[in-house]
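*Asks:* sequence? don't have it. structure:
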């Protein structure tokens, strides 16, 4: 079946603008994760959704970052008032709910803030 | 808190030689351990995972890793490198199977003809 998809694949924006990044998880996966990959910080966890539970937002770097997941499926990561340090590749992953399950990653969205 | 240390940001091997990528972890609970591979401009692909079953885990593309609790290690090996193995490899740990992953900094593998 289809894997995790993300859009757009590339996004260039100006400092101070808001951006929205979209993730379509694998159908039926109840867990969804956002990670950020940057040269200086490596791969960092941002936020985690599990079913109908309150999301784990412990990895969000500032209150400019937020995410929602509608209908237990599609997720949108929003970055407000973007800064140059937000430039990175944003990766989404999804997984079944069972213990030990694999997280399947999308191809990522490369965000460049000018 | 969990953490992962990957020794060597860049490893270079000759085609046909042994590949050894090192990973050490720290975890307060029995961990779930993963190796992912990332090819240029692509997402992460799971190579293998340890979930408290067999300590020697076999993955895709001929890779395997051995969980050694006494050494808190989960090194990745492949007997014979192929040019197509050139990529970035990430070791990751999770407190349980469905919790967010904590990644190492990654090791870039180069394969020389």
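*Replies:* Happy to help now that I have it. Everything quoted here is computed from the prediction, not taken from an experiment.

*Asks:* dump the residue contacts of the spatially most central residue of chain B.
*Replies:* Chain B has residue B:35 as the residue nearest its centroid, 3.5 Å off, counting by C-alpha atoms, centre = their mean. Counting by C-beta atoms under 8 Å, 6 or more residues apart in numbering or on different chains, residue B:35 touches B:21, B:23, B:46-49, B:59, B:63, B:65, B:74, B:76, B:89-92. C-betas here are computed from N, CA, C, even on glycine.

*Asks:* can we see that at 6 Å?
*Replies:* Residues near residue B:35 by C-beta atoms under 6 Å, 6 or more residues apart in numbering or on different chains: B:47-48, B:65, B:76, B:91.

*Asks:* now residue B:112, nearest residue through space, not along the chain?
*Replies:* Leaving aside its chain neighbours, residue B:112 sits nearest to residue B:14 (5.1 Å; criterion: C-beta to C-beta, 6 or more residues apart in numbering or on different chains).

*Asks:* got phi/psi on the one you found?
*Replies:* With angles defined as degrees, to the nearest 10, residue B:14 sits at phi -80, psi 150.

*Asks:* burial count for it?
*Replies:* Neighbourhood size, residue B:14 [other C-beta atoms under 10 Å in any protein chain shown]: 11.

*Asks:* over to residue B:68?
*Replies:* By other C-beta under 10 Å, the residues close to residue B:68 number 12.

*Asks:* check contacts around it.
*Replies:* Taking C-beta under 6 Å, 6+ apart as the test, residue B:68 contacts no residue whatsoever.

*Asks:* and it, how far is that from residue B:50?
*Replies:* Residue B:68 sits 10 Å away from residue B:50 when distances are taken as C-beta to C-beta, to the nearest Å.

*Asks:* same check, this time on residue B:26
*Replies:* Residue B:26 is 15 Å from residue B:50, by C-beta to C-beta.

*Asks:* who's more crowded, these two?
*Replies:* Legend: neighbour count by other C-beta under 10 Å for residue B:26 and residue B:50, higher for residue B:50 (21 against 13).

*Asks:* now that one. Nearest residue, chain neighbours left out?
*Replies:* Per C-beta to C-beta, 6+ apart, closest to residue B:50 is residue B:33, 4.3 Å.

*Asks:* doesn't that neighbour fall inside a strand?
*Replies:* Yes: looking at residue B:33 with DSSP: H, G, I helix; E, B strand; the rest coil, it is inside a strand.

*Asks:* how many residues are close by the residue nearest to residue A:28 when sequence neighbours are not counted?
*Replies:* Among residues not flanking residue A:28 along the chain, residue A:96 sits closest, at 7.3 Å (C-beta to C-beta, 6+ apart). Neighbours of residue A:96 under the rule other C-beta under 10 Å: 17.
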